[in-house]
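Enquirer: Only the shape, not the letters, is given here:
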């Protein structure tokens, strides 16, 4: 009597290199998403009203408001730097990628700090109050602050997270192809075939290149 034993097929398990590649692709997608969304949020919210108030003018009051750009231009500038660093991280390798990743993280951290410092800043409103009242000693009254500085800071934190991901997993990310980089060595010239006498346009092209169309290769 014969016994038939079922042999299970061999299982293929992903090795460390495959796991690292998958982790790199996943972290790359998350970093790009966080960086892009964070920069867009910072750039958009910097144009929103961060603070409002009134100034006394001629027995009445005039409402005034200050946007994020009026309060501080740092979040916008650092968001642009962060976007440039996010793109540049693919053009460099090794130590260069580490430095660019650190710049990306610092851009996010700096933008967040600047936005939070602008939450209670009334200097921009005071300056507008002095211009409106025509009195350098005039100050803003009934100041209220909006939530936009906090939203700006939240967007900057996303840029910071993208930088931290680049610092942690950037070595696993692909780099710009070097196929277009020149090494300084002369490139071989392509062999040119003699122009076809039956096609006059080829003869004219050869003459334009300074070639003798009657010379055989």
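Expert: Done, it's in. Everything numeric here is computed off the predicted structure, so don't read it as measured data.
Enquirer: Residue ranges in the protein under the pLDDT threshold?
Expert: Applying pLDDT under 70 to the chain picks out residues 1-21, 23, 176-217.
Enquirer: which of the residues in the longest helix along it are buried?
Expert: In the chain, with assignment by DSSP state H, the single longest helix is helix 16-45. Using 16 or more other CB atoms under 10 Å as the test for burial, helix 16-45 gives 24, 27-28, 31-32, 34-36, 38-39, 41-43, 45. For glycine as for every other residue, the C-beta is placed from the backbone atoms N, C-alpha and C.
Enquirer: Pull the most distant pair out of the residues you listed.
Expert: Pairwise distances across these (CB to CB) peak at 31.5 Å, for the pair 24 and 45.
Enquirer: picking that back up, elements contacting the longest helix of the chain?
Expert: Applying 3 or more CB pairs under 8 Å, 6 or more residues apart in numbering; DSSP states H and E, one finds that helix 16-45 contacts helix 74-88, helix 94-117, helix 148-169.
Enquirer: from these, which stretch is densest packed?
Expert: Greatest average neighbour count among the helices and strands packed on helix 16-45 goes to helix 148-169 (a mean of 23), per mean count of other CB atoms under 10 Å.
Enquirer: How far off centre is that helix?
Expert: Distance of helix 148-169 from its chain centroid, counting by CA atoms, centre = their mean, to the nearest Å, is 12 Å.
Enquirer: same thing with stretch 136-153?
Expert: Stretch 136-153 sits 29 Å away from the centroid of its parent chain (CA atoms, centre = their mean).
Enquirer: returning to that earlier point: just name the closest of the buried residues of helix 16-45 to residue 109, please.
Expert: Of all those, the one sitting nearest residue 109 is residue 38; the distance, using CB to CB, is 11.7 Å.
Enquirer: correct me, but the closest one touches residue 78?
Expert: No. Applying CB atoms under 8 Å as the test, residue 38 and residue 78 come out as separate, 10.7 Å apart.
Enquirer: Does residue 37 touch residue 155 like I think?
Expert: Yes. Here residue 37 reaches residue 155: they are 7.3 Å apart, a contact under CB under 8 Å.
Enquirer: what sits in contact with each of residue 38 and residue 78?
Expert: 108, 156, 159 (CB atoms under 8 Å, 6 or more residues apart in numbering).
Enquirer: and the gap between the second one and residue 61?
Expert: Summarising the geometry, the distance separating residue 156 from residue 61, computed by CB to CB, to the nearest Å, is 34 Å.
Enquirer: cool, and the first one?
Expert: In this structure, residue 108 lies at 39 Å from residue 61, with CB to CB as the measure.
Enquirer: so how far is stretch 59-74 from its chain's centroid?
Expert: 29 Å.
Enquirer: Go through it and flag the buried ones.
Expert: 64, 65, 66, 68, 70, 71, 72, 74.
Enquirer: Which one of these is nearest to residue 140?
Expert: Among the buried residues of stretch 59-74, residue 64 lies closest to residue 140 (CB to CB), at 6.6 Å.
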